[in-house]
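Participant: below are the sequence and a predicted model; questions follow.
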Amino acid sequence: MLKRISGYIVSCCVSFTVCVMVLSVAHSIDGKVMEFYGWKENFHLFACCFSISLLMFFTDKLTEKYSLAVELLVKFADVVACVFGLGGLIFRWFPFDLKWSIYVFALALIIYIITFIITIFSLYFANEKTSNEINKKIAERKMKYEQKSD
Amino acid sequence: MKLNIEIFKECQEIEVSIRCKEVDNQIKKAIDILKQRDMTFTVKKDDITKILKVCDIYYFESVDNRTFAYTSNDVYLCQKKLYEIDKILLGTSFVRISKSCILNTDSIDAVRASLNGKLECTLSNNEKIMINRHYVPEFKKKFDI
């Protein structure tokens, strides 16, 4: 359980970092995105990332028996719900018109994809380590068995 | 640990006695291994009923509400449901690897990481089977990792 929670904390931190990076890149392009971004917005952004991770913690339990595609869709729905609900309605990050909604949706999608790629690769490397350890144990087992049969 | 083996020609049934101060995890594991040795499942193939030793079974899979037992080169229909098998095989070398599959870890030849977050197992008969990422922690425990 503790390991699982730590995974969500890491995911929250990764998504926060990616958010700040993507917003910075977007600001460097159009010079508007981070115009009103201050210390308060920094906390708001972290609160949003945290609530996404919290929501994922619960929805992951519902989707754990479904395919990866279903899980990814539900996770993205978690992201959209938090960004529009918390960011749009409560923190008033953006006005609720079509132009801004598309813009925010696109940004959320980009951040989600980048976070997803980072998570997938870190999971792959963790599994690679696990499989090496298991293969070692299997080899040890086989050696013991061969020694016994000799 | 001392290991005594006594061989009697008149012996009808193998008898194992364990003398210890307390039953710790290692002894529990040894008991589970011994129990598994005698475990059997009644299975069917082409209307012929057969008794299969658990150690000969590579994995159990549930397909369309029916449970199948897979050995190195055969598939048998099993009377029991997957959740019942899961309960019976608790503490043995078998582990749940997806919602529809229980794998015998003794039948694994190698394991490899896959990009979709799953682990791919190659069995002794070269068959490949995927371990769902939600079941990886339980799978690791079987190898004391």
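Facilitator: Sure thing, it's come through.

Participant: excluding chain neighbours, what is closest to the residue of chain A found nearest chain B?
Facilitator: Closest contact between chain A and chain B, by CB to the nearest CB, is at A:Asn127 (3.6 Å). For glycine as for every other residue, the C-beta is placed from the backbone atoms N, C-alpha and C. Nearest residue to A:Asn127 in three dimensions, chain neighbours excluded: B:Ala113, at 3.6 Å (CB to CB, 6 or more residues apart in numbering or on different chains).

Participant: near the one you found, how many other residues are there?
Facilitator: 20 (other CB atoms under 10 Å in any protein chain shown).

Participant: show me what it bridges to in the sheet.
Facilitator: B:Leu119 (DSSP bridges).

Participant: so it touches B:Leu119, yeah?
Facilitator: Yes - using CB atoms under 8 Å, B:Ala113 is in contact with B:Leu119, at 6.2 Å.

Participant: shared neighbours of the two, anything?
Facilitator: Shared contacts of B:Ala113 and B:Leu119 (CB atoms under 8 Å, 6 or more residues apart in numbering or on different chains): A:127, A:130-131.

Participant: show me these that map onto helices.
Facilitator: Mapping those onto helices (DSSP state H) picks out A:127, A:130-131.

Participant: contacts only, for the residue nearest to A:Asn127.
Facilitator: For B:Ala113, the contact set (CB under 8 Å, 6+ apart) comprises A:124-125, A:127-128, A:130-131, B:119-120.

Participant: report the buried members of those residues.
Facilitator: Taking 16 or more other CB atoms under 10 Å in any protein chain shown as the criterion, what is buried in those is A:127, A:130-131, B:119-120.

Participant: and the residue in chain B that chain A sits nearest to, how close does it get to A:Ser122?
Facilitator: The minimum distance from chain B to chain A, using CB to the nearest CB, falls at B:Ala113 (3.6 Å). Going from B:Ala113 to A:Ser122 by CB to CB, to the nearest Å gives 12 Å.

Participant: B:Lys35 now?
Facilitator: 39 Å.

Participant: same deal with A:Ala77?
Facilitator: 23 Å.

Participant: ranges for the helices of chain B?
Facilitator: Counting by DSSP H, the helices of chain B are B:25-38, B:82-88, B:136-141.

Participant: could you check the shortest one against chain A for contacts?
Facilitator: When you say that, I think you mean helix B:136-141. Yes - Helix B:136-141 reaches chain A (CB under 8 Å from any CB of the partner chain) through B:136-137, B:140.

Participant: now these as TSV including neighbour count and pLDDT?
Facilitator: Listed next are the residues of helix B:136-141 next to chain A as TSV, based on neighbours: other CB atoms under 10 Å in any protein chain shown; pLDDT from 0 to 100:
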residue	neighbour count	pLDDT
B:Val136	20	87
B:Pro137	12	86
B:Lys140	17	89
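
Participant: give me the low-pLDDT residue ranges for chain A?
Facilitator: A:1-3, A:64-65, A:67, A:147-150 (pLDDT under 70).

Participant: alright, calling it a day.
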